[in-house]
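**Q** Test case, fold it:
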Amino acid sequence: MTSTGGYLLVQALRARGIDTMFGLPGVQLDGLFDALAVSDMRVVHTRHEQAASYMADGYARATGRVGVCAVVPGPGVLNAGAGLATAYANHSPVLLIAGHLFGGDGARGTGALHEIVDQGDVIAGVVGETNRIRSVEEIETALDAAFAHLAGHPSRPAAIEIGPDVLLAETDLPIPVAAPAPPPPAIDASAVEQAAAALADRARPIIIAGGGARLAGEGLRALSAALCAPVVVTSEGKGSVPDDLPDTLPHPASFTLLDEADGVVVVGSRFSTMRGPVQVSPDTVVVRIDADPARLAASHGGDVVAIHGDAPDATSRLAEAVAAARVADEERDALHQARVAELRSAIFAGLAQEFPDTWTFCRVLRDVIPADGILVDEMTQVGYMARMGYPAAQGRNYIGSGYQGTLGFGYATALGAKVGCPERVVVSISGDGGFLYNVAELATAAHHRIAVVAVVFSDNAYGNVKGIQQRVYGREIASTLTNPDYVKLADSFGIHGAWATDADELGSALTEAIERDEPALIGVPIEAQPDILAVITGRRRL
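**A** Have a look, this model is predicted:
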C-alpha cells in the first residue's frame, strides 16, 4: 500500500515503542504532522520549541524511555538547543526530529524559509548522534543509528534531520522493525579485583554517587556496607540511595571528606568542578566506575583504577570483591562512622540554622509530596537547598538541570515528567526569574490538562545575580524584575491559582493543589535569601 515518508517515520517510531511526541508543527513538518493525525501517537504541542525539548527530557528522565520532540529547522532547532544541552548533560535519551529545507542541500545560501547554514553542525554540539535523511530509504538506517545510541551506555540525545520532500514522498516500503538494543559494556574482572585490592586497607573511604548511579541503589548499599563507607550523593545522583539514611550525605560533605579520605569510589559522576577534574592527594586511591570511557581518562593526582561498565552491575561486583578482600577492623570502622555522623549532623544543623527559610520550605515540600512523587528543581535558592534538604528515596523522583544550570528549564521539564508518569504527583519549584522563561507553557498545561503543580518563589529579582552584584561590586544592574499577579495569571489560563505567604500556607496550598489533580500555580512571595551557592560550591563549609 502506498504511504508517505512521514507515515513511514511515524509507524517506525511506534514500532520502537514511541507513543508520545512533543513539538510544534510548521510548514517543513506538514508531512510529519499529517501522518501523526492518522496515528495513535499522542502529540503534545507546546507554545515554544524550547519547551518541547525540555518536555522530552523530563519525560525521558522520569520514565527511562526515549523522549521525542519535533521542531522546524532554523529558529525551531535553535530554540530547542537549551533543552538538548540539558539532556546531554544528564545523559538523557531524547530524540530530536529536526525539519530541513524545501529543496534540501540545493537551497543552501538562498535565504529559504528558516535556513541556517550547516544546521547539522549546530545540532551536533548538543547531541551524541545526528543523521541527515535524504530519502525515504534512509529512514530505517537513521533510526537504527539513533536508537542504538539512545539505548547505549551511556545514553545521550540523538537527532535526525528530515526535509519536507522526504516526508511527503510516496513509498511502498514496509515499516522498519526495531533493531535490538546494544548490550552493556562487559566489565573487566581484573579491574574489579585490582580496585578491591587497592581499597582493602583504606581507613577512610567514601563513595560519590552521580547521575550515572541513579539506578544502582542495591549495588551502592552493598558497596557502602562492604567498605564501611558513606555515600555522598550529588544533585544528579539524588535518590540512588535514600537521602535520609545515616550513611548518606549531601554533596557539600565531599569537600571535607575528600580532604580526609584515603580511598574514593566515584560512581557515574564527572568528579570535577568548574575548573576541571577534582584533585586528591597522591596517596589516595580513586576507583572510577562509569559507562562513559571518556570520563575514565581524567587525571586526579592519586592512584586511579578504572572500571568501565554500568553502575548497577559494576557496584555489585565490586562490593562482592571488597567484602572478600577487606580485613575487618572494628575500631577503625567505628572511628570513620563517628566522623561521618558528626559531619552529617553538622551539615544539616548548619543548613537549618543559617538558611531557615529555604530549609523550612524544603521540609514542607517533602512532607506534602508523596514518597513516589517527582520534584523538579530550578536555579533558585529553594532549588539549591532542595539538592541537600529535600530527601529523595528513588532514582527517578528528583530532576535537576545538571551541570548546564539551564535557568528556566524546570516548569516545562516537569510537564514532560507528568506526561510520562500521569499517576505520580509532579511538582515544579522555580524562582520568578526562571519561571517566566517558559510561562507560556501554562497554556500547554491547561490545553492538555497536565496536572503539574508549579510553585514560584518570588523575590522580584534574579536573586543570585543581584546578591553577587551587591556583595562583590557594591551595586546592581539589570537584576530587578517586575512580576505578574500569579493567581490572576493562573485564572487567565483557566487553572487553579493560590498565594502562600509562609511555609504553613505553602503546605496547605500544595496539599489542596495535589488533591485537585489539575494544573496549578502557587505564588510564594519571599525576601532576598542568603547565598547557599557558597555551600554547594565549597566556598563555604558548614
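**Q** how would you label residue 528: helix, strand or coil?
**A** coil (DSSP: H, G, I helix; E, B strand; the rest coil).
**Q** before we move on, what about residue 154?
**A** Residue 154 ends up coil, using three-state DSSP.
**Q** Please list all residues in contact with it.
**A** Residues counted as contacts of residue 154 (Cβ atoms under 8 Å, 6 or more residues apart in numbering) are 91, 212, 290, 291, 292. Heads up, the C-betas are built off the backbone N, CA and C, glycines and all.
**Q** from these, which two are the most distant?
**A** 91 and 290 (10.5 Å; Cβ to Cβ).
**Q** picking up where we left off before, may I see the contacts of residue 154 arranged in a markdown table, with secondary structure, pLDDT and neighbour count as well?
**A** Converted to a markdown table, the contacts of residue 154 look like this (DSSP: H, G, I helix; E, B strand; the rest coil; pLDDT from 0 to 100; neighbours: other Cβ atoms under 10 Å):
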| residue | secondary structure | pLDDT | neighbour count |
| --- | --- | --- | --- |
| 91 | coil | 94 | 24 |
| 212 | helix | 93 | 26 |
| 290 | strand | 95 | 28 |
| 291 | coil | 92 | 21 |
| 292 | coil | 89 | 17 |
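**Q** one step back: got any residues that touch both of residue 91 and residue 290?
**A** The contact sets of residue 91 and residue 290 overlap at 154, 212 (Cβ under 8 Å, 6+ apart).
**Q** wait, which of the contacts of residue 154 is closest to residue 423?
**A** Closest to residue 423 out of the contacts of residue 154 is residue 91 (24.9 Å), distances taken as Cβ to Cβ.
**Q** And this protein, split by domain according to the record?
**A** With domains defined by automatic domain parsing, the chain comprises 3-171, 189-350, 355-536.
**Q** Output the contacting helices and strands for the longest helix along the chain.
**A** Counting by DSSP state H, the longest helix found in the chain is helix 330-354. If you count contacts as 3 or more Cβ pairs under 8 Å, 6 or more residues apart in numbering; DSSP states H and E, helix 330-354 packs onto strand 248-250, helix 253-260, helix 381-389.
**Q** Quick check: residue 374 touching residue 417?
**A** Yes. Using Cβ atoms under 8 Å, residue 374 is in contact with residue 417, at 5.2 Å.
**Q** who has more neighbours, these two?
**A** Comparing residue 374 with residue 417 by other Cβ atoms under 10 Å, the one with more neighbours is residue 417, at 31 against 27.
**Q** hang on, the earlier thing: starting at the chain centroid, how far to the longest helix of the chain?
**A** Its chain's C-alpha centre and that of helix 330-354 lie 29 Å apart, by Cα atoms, centre = their mean, to the nearest Å.
**Q** After that helix, which helix or strand is next?
**A** helix 356-368 (DSSP states H and E).
**Q** gap between the helix or strand following that next one and the chain center?
**A** The helix or strand immediately downstream of helix 356-368 is strand 374-376, counting by DSSP H and E. Averaging C-alpha positions (Cα atoms, centre = their mean) puts strand 374-376 10 Å from its chain's average.
**Q** who does strand 374-376 pair up with?
**A** Partners of strand 374-376 in the sheet, by DSSP bridges, are strand 398-399 (parallel), strand 426-431 (parallel).
**Q** Redo these as JSON lines? Include distance to residue 454, mean pLDDT and mean neighbour count.
**A** Converted to JSON lines, those look like this (distance: least, Cβ to Cβ, whole Å; pLDDT from 0 to 100; neighbours: other Cβ atoms under 10 Å):
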{"stretch": "strand 398-399", "distance to residue 454": "14", "mean pLDDT": "97", "mean neighbour count": "28"}
{"stretch": "strand 426-431", "distance to residue 454": "5", "mean pLDDT": "98", "mean neighbour count": "28"}
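**Q** Minimum distance to residue 382: which of the ones you listed has it?
**A** For the strands paired with strand 374-376, the distance to residue 382 is smallest for strand 426-431, at 5.6 Å, taking Cβ to Cβ.
**Q** Now that closest one - C-alpha only, CSV.
**A** The C-alpha trace of strand 426-431 is given here as CSV (Å, rounded to 0.1, in the frame of the first residue of the first chain):
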residue,chain,number,x,y,z
VAL,A,426,4.8,16.2,39.9
VAL,A,427,5.8,19.5,41.5
SER,A,428,8.0,22.2,39.9
ILE,A,429,9.8,24.7,42.1
SER,A,430,11.1,27.9,40.4
GLY,A,431,12.2,31.4,41.1
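**Q** hmm, back to that, what residues are shared contacts of residue 374 and residue 417?
**A** Common contacts of residue 374 and residue 417 (Cβ under 8 Å, 6+ apart): 62, 399, 426.
**Q** ok, those residues vs residue 365, which is closest?
**A** Distances from residue 365 to the shared contacts of residue 374 and residue 417, taken by Cβ to Cβ, are shortest for residue 426, at 12.3 Å.
**Q** excluding its backbone neighbours, what's nearest the closest one?
**A** Using Cβ to Cβ, 6 or more residues apart in numbering and skipping residues adjacent in sequence, the residue nearest residue 426 is residue 418, 4.1 Å away.
**Q** Just confirm that neighbour is within a helix.
**A** Yes. Counting by three-state DSSP, one finds residue 418 located in a helix.
**Q** any idea how far residue 58 is from it?
**A** Separation of residue 418 from residue 58 (Cβ to Cβ, to the nearest Å): 8 Å.
**Q** Give me the more crowded residue out of these two.
**A** Comparing residue 418 with residue 58 by other Cβ under 10 Å, the one with more neighbours is residue 58, at 37 against 28.
**Q** that older thread, could you dump the strands paired with strand 374-376 into JSON lines with distance to residue 467 added?
**A** Shown next, in JSON lines, are the strands paired with strand 374-376 (distance: least, Cβ to Cβ, whole Å):
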{"stretch": "strand 398-399", "distance to residue 467": "25"}
{"stretch": "strand 426-431", "distance to residue 467": "12"}
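**Q** Can you check which of the ones you listed gets nearest to residue 80?
**A** Smallest distance to residue 80 across the strands paired with strand 374-376 (Cβ to Cβ): 18.3 Å, for strand 398-399.
**Q** And that closest one, how far out from the chain middle?
**A** 7 Å.
**Q** Stretch 134-141 now?
**A** Using Cα atoms, centre = their mean, the offset of stretch 134-141 from its chain centre is 31 Å.
**Q** go on, stretch 64-81?
**A** Centroid separation for stretch 64-81 versus its chain: 16 Å, with Cα atoms, centre = their mean.
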